[in-house]
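J.: Sequence below, structure please.
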Amino acid sequence: QLQLVESGGGLVQPGGSLRLSCAASGSIFSIYNMNWYRQAPGKQREWVARITTGGSTNYADSVKGRFTVSRDNANETMYLQMNSLKPGDTAVYYCACNIRPTLHSNSRYYWGQGIQVTVSS
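T.: Just a heads-up that it's a prediction; the model follows:
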């Protein structure tokens, strides 16, 4: 069964850093675009960052210059390095990846279960 599992969240003080991981497992033929989203309490889910198959990256303006997305294709894992964290970054972070499970299947987005990041003193 194909699944995405996030790890690395927790509580950090303002100005601190965390690195999130998103590991894919199960039947996977190919992984295309990989994304991070987040949802703060009482707010809609928002897109944070994207990395393509070729390694091109895009970021939301709110995190540009502070967050870095990367991927390890051999281990089917995506990372989000978060630096200079602010209280406003507090949210549940989700990974969402466009995955083709088998050679003969179509690709679609799969979501992780989410992981809490809390930035507070």
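J.: so how far is Ser30 from Pro101?
T.: Pro101 sits 9 Å away from Ser30, taking Cβ to Cβ, to the nearest Å as the criterion. Just so you know, the C-beta spots here come from the backbone N, C-alpha and C atoms, and that holds for glycine as well.
J.: For the spatially most central residue of the chain, give its distance to Gln1.
T.: Nearest to the centroid of the C-alpha atoms of the chain, with distances taken as Cα atoms, centre = their mean, sits Trp36, at 3.2 Å. Trp36 sits 22 Å away from Gln1, taking Cβ to Cβ as the criterion.
J.: Could you pull out the strands in this structure for me?
T.: Secondary structure of the chain by DSSP state E: the strands cover 3-7, 10-12, 18-25, 30-39, 46-51, 57-59, 67-72, 77-82, 91-100, 108-111, 115-119.
J.: mind listing what the second one pairs with, with the direction of each?
T.: The strands that strand 10-12 pairs with in its sheet are strand 115-119 (parallel) (by DSSP bridges).
J.: now the partner strand, how far from the chain's geometric center?
T.: Chain-centre distance of strand 115-119: 13 Å, with Cα atoms, centre = their mean, to the nearest Å.
J.: how far off strand 91-100 does it point, in degrees?
T.: Interaxial angle, strand 115-119 versus strand 91-100 (axes from the mean of the first three to the mean of the last three Cα atoms, to 10 degrees): 140 degrees.
J.: Could you export the strands of the chain as a markdown table, including mean pLDDT?
T.: A markdown table is the format used below for the strands of the chain (pLDDT from 0 to 100):
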| stretch | mean pLDDT |
| --- | --- |
| strand 3-7 | 97 |
| strand 10-12 | 98 |
| strand 18-25 | 98 |
| strand 30-39 | 97 |
| strand 46-51 | 98 |
| strand 57-59 | 98 |
| strand 67-72 | 98 |
| strand 77-82 | 98 |
| strand 91-100 | 98 |
| strand 108-111 | 97 |
| strand 115-119 | 98 |
